[in-house]
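Trainee: The sequence isn't on hand, but the structure is:
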């Protein structure tokens, strides 16, 4: 799956995107977030407060937990500030 | 119509394009958002807008579709820029056209209120001393967007 990061999340994590295989034991979005938190200090800090993060799966906003197949494009980003 | 571009746009030219050869348009409303030299009490010398290519266009198209569902519009246009822009440069343009002013006014306000909370853009602010900060979400923008949901 492709994972994208934008704005301060991109700076905090140090990359705009990455392609990964669905990690072992991860079958849902919620599990993916927990897995992200365990990837080191930068990830742990960036994902510490999920109220400051918005999530899009295949370019649609997602607020509930969903099942992942591993073929998704998942984006993590702060609340939008355009206009 | 939706356009996401780096280049500056010309509001007058866009309005003329929308109304050319049309005899059914009685009202055109436009909103242009500009880079101003202050935010939250601090000086601003430039903004850099980051966006999510693909999702941006998708979300803007959805918002435009919703406006056309709610109001009788003869035309609608959203142009949103990305990249670095300096003070007084335009960031965003919304144009709506209708037979009578009510629909065009309401739809233009709705488009702006919704795109501010839905379209995946982020502003990086540059202070006069050159330091940068990501702009935070504003409560007033959330409230402005919410009022359209309640009146639904």
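Mentor: That came through fine. Bear in mind the structure is a predicted one, so any value in this text is a computation, not a measurement.
Trainee: mind checking the longest helix of the chain?
Mentor: As the question left the chain open, I've gone with chain A. Secondary structure assigned by DSSP state H gives helix A:29-37 as the longest helix of chain A.
Trainee: hm, I was asking about chain B
Mentor: Chain B, longest helix under DSSP H: helix B:101-118.
Trainee: For the longest helix of chain A, name the packing helices and strands.
Mentor: For helix A:29-37, the packing partners by 3 or more C-beta pairs under 8 Å, 6 or more residues apart in numbering or on different chains; DSSP states H and E come out as helix A:41-46, strand A:73-77. C-beta coordinates here come from the backbone N, C-alpha and C atoms, glycine included.
Trainee: List the contacts of residue 71.
Mentor: No chain in the question, so chain A it is. Taking C-beta atoms under 8 Å, 6 or more residues apart in numbering or on different chains as the contact definition, residue A:71 lies against residue A:1.
Trainee: nope, chain B
Mentor: Applying C-beta under 8 Å, 6+ apart, one finds that residue B:71 lies in contact with B:96, B:98, B:103, B:104, B:106, B:107, B:110.
Trainee: Now neighbour count too, for those residues, in a markdown table please.
Mentor: Conversion of these to a markdown table gives the following (neighbours: other C-beta atoms under 10 Å in any protein chain shown):
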| residue | neighbour count |
| --- | --- |
| B:96 | 29 |
| B:98 | 24 |
| B:103 | 21 |
| B:104 | 26 |
| B:106 | 19 |
| B:107 | 25 |
| B:110 | 22 |
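Trainee: what two of the residues you listed are the furthest from one another?
Mentor: The distance between the two most remote of the contacts of residue B:71 (C-beta to C-beta) is 12.6 Å, for B:98 and B:110.
Trainee: what secondary structure does the nearest residue to residue A:31 once chain neighbours are set aside sit in?
Mentor: Closest residue in space to residue A:31, ignoring its immediate chain neighbours: residue A:25 at 6.9 Å, by C-beta to C-beta, 6 or more residues apart in numbering or on different chains. Counting by DSSP: H, G, I helix; E, B strand; the rest coil, the backbone at residue A:25 sits in coil.
Trainee: Look at residue A:25 and say how many residues are nearby.
Mentor: Burial of residue A:25 is recorded as 8 neighbouring residues (other C-beta atoms under 10 Å in any protein chain shown).
Trainee: Could you verify my assumption that it touches residue A:34?
Mentor: No: applying C-beta atoms under 8 Å, one finds residue A:25 not in contact with residue A:34, separated by 9.5 Å.
Trainee: center of chain B, which residue is that?
Mentor: The centre of chain B sits closest to residue B:92, judged by C-alpha atoms, centre = their mean, with a distance of 4.2 Å.
Trainee: Any stretches of chain B with poor pLDDT?
Mentor: Within chain B, the set of residues satisfying pLDDT under 70 comprises B:150-152.
Trainee: How about the residues of it by chain A?
Mentor: If contact is defined as C-beta under 8 Å from any C-beta of the partner chain, the residues of chain B in contact with chain A are B:33, B:49-52, B:54-55, B:58-59, B:80, B:91-92, B:112, B:115-124, B:134-138, B:141.
Trainee: So which of the residues you listed belong to helices?
Mentor: In helices, judged by DSSP H, the following of the residues of chain B next to chain A are found: B:55, B:58, B:59, B:112, B:115, B:116, B:117, B:118, B:141.
Trainee: Contacts only, for residue B:132.
Mentor: In this structure, residue B:132 makes contact with B:48, B:124, B:125, B:126, judged by C-beta under 8 Å, 6+ apart.
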